[in-house]
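Asks: 3D model of this:
(chains A and B)
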Amino acid sequence: MTENEGKGFRMILTFCVMFLFWLLLSGIFDALHLTAGVLCSLIVAVISHDLLVVGKRNKTIVRSFRVLMYIPWELWQIVLANLDVAYRVLHPKMPIDPLIIEFDTTLRSDFALVTLANSITLTPGTITIGIKNGRFWVHAVAKEPAEALTVDGTMQQKVADAYMEW
Amino acid sequence: MLEVVVVLVLVLGVFFLFVGAIGLLRFPDFYTRLHATGKCDTLGVGLVILGLLIYHLFYYSDSLLVCVKLFFLILFIFISNPTATYALMKAAYRTGVAPWKLGDERR
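Replies: Residues are numbered from 1 along each chain as shown, chains lettered A, B, ... in the order given. Alright, predicted model coming up:
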């Protein structure tokens, strides 16, 4: 696939997403608003087509689907994280023992790194501090969540699966 | 029956927001406080909006677009809240805020 072909595909996909979002937010379907929507979506698609969609055409659709499959597991982890925080906050003795850990991942693409960073922040007892070249600095509220992240590594595996980066 | 579900979801959301606020007051330093607010505010606000979404879905089913908008509100909060937490964390770490260790005095 040539560079130009990929660019066209990215523009069309960005345009479609932007226009759907316009329809959603405006909710008015007369000629004036639709034309304005098309124009605005076109401008956005031309300027920022390389922000929303990156990578090859054949992978983009599959990858979006796999990322959608990742979300339910992530939601469950968020609920666990909140119960964990609630336990630590409401416990009279406040069982916390904070430490900062570093670890490497095999992930390289921006989307995968952002997803993993936000997932770490939302899951039990850990918050991302920094990322550099796939290396993560993470603040953990106690020993067990830190070990769950570094030793177990389920989350890295799931994100890698979702973005197909093995 | 539906009211019961909506109220349950709202109460659960408010509970998590409450826990986040208590954590903000009880935890000893900047980083641990962000643990409380970063997680609890995300799910708390998400659940409150989910309650409103369910209510709207069944009582005002002629304007479904509002439900979709509320859903996207939840989605964007779930993306932007951890990102903002990360930005705060990174700024604090870069400027050299020392993390609290077990046995230190709270600050």
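Asks: packing partners of the helix or strand bottoming out on mean pLDDT in chain A?
Replies: Ranked by mean pLDDT, DSSP states H and E, the weakest helix or strand in chain A is helix A:49-52, scoring a mean of 75. In terms of contacts (3 or more C-beta pairs under 8 Å, 6 or more residues apart in numbering or on different chains; DSSP states H and E), helix A:49-52 is packed against helix A:3-26. (Glycine included, C-beta is placed from N, CA and C.)
Asks: which helix runs longest in chain A?
Replies: For chain A, the longest helix by residue count, based on DSSP state H, is helix A:57-90.
Asks: circling back to that earlier point, please state the offset of the least confident helix or strand of chain A from the chain centre?
Replies: 15 Å (C-alpha atoms, centre = their mean, to the nearest Å).
Asks: and the contacts of it?
Replies: A:Lys7, A:Arg10, A:Met11, A:Leu13, A:Thr14, A:Val17 (C-beta atoms under 8 Å, 6 or more residues apart in numbering or on different chains).
Asks: that older thread, packing partners of the helix or strand just after the longest helix of chain A?
Replies: Per DSSP states H and E, the first helix or strand lying C-terminal to helix A:57-90 is strand A:99-104. Applying 3+ C-beta pairs under 8 Å, 6+ apart, we find strand A:99-104 packed against strand A:135-140, helix A:143-147.
Asks: coming back round to it: in the least confident helix or strand of chain A, what's buried?
Replies: Across helix A:49-52, burial judged by 16 or more other C-beta atoms under 10 Å in any protein chain shown covers A:His49.
Asks: how about the nearest residue to the most centrally placed residue in chain B, chain neighbours excluded?
Replies: Closest residue to the average C-alpha location of chain B: B:Asp41 at 1.6 Å, with C-alpha atoms, centre = their mean. Take B:Asp41 and drop its neighbours on the chain: the residue closest to it by C-beta to C-beta, 6 or more residues apart in numbering or on different chains is B:Gly20, 5.2 Å away.
Asks: sounds good, over and out.
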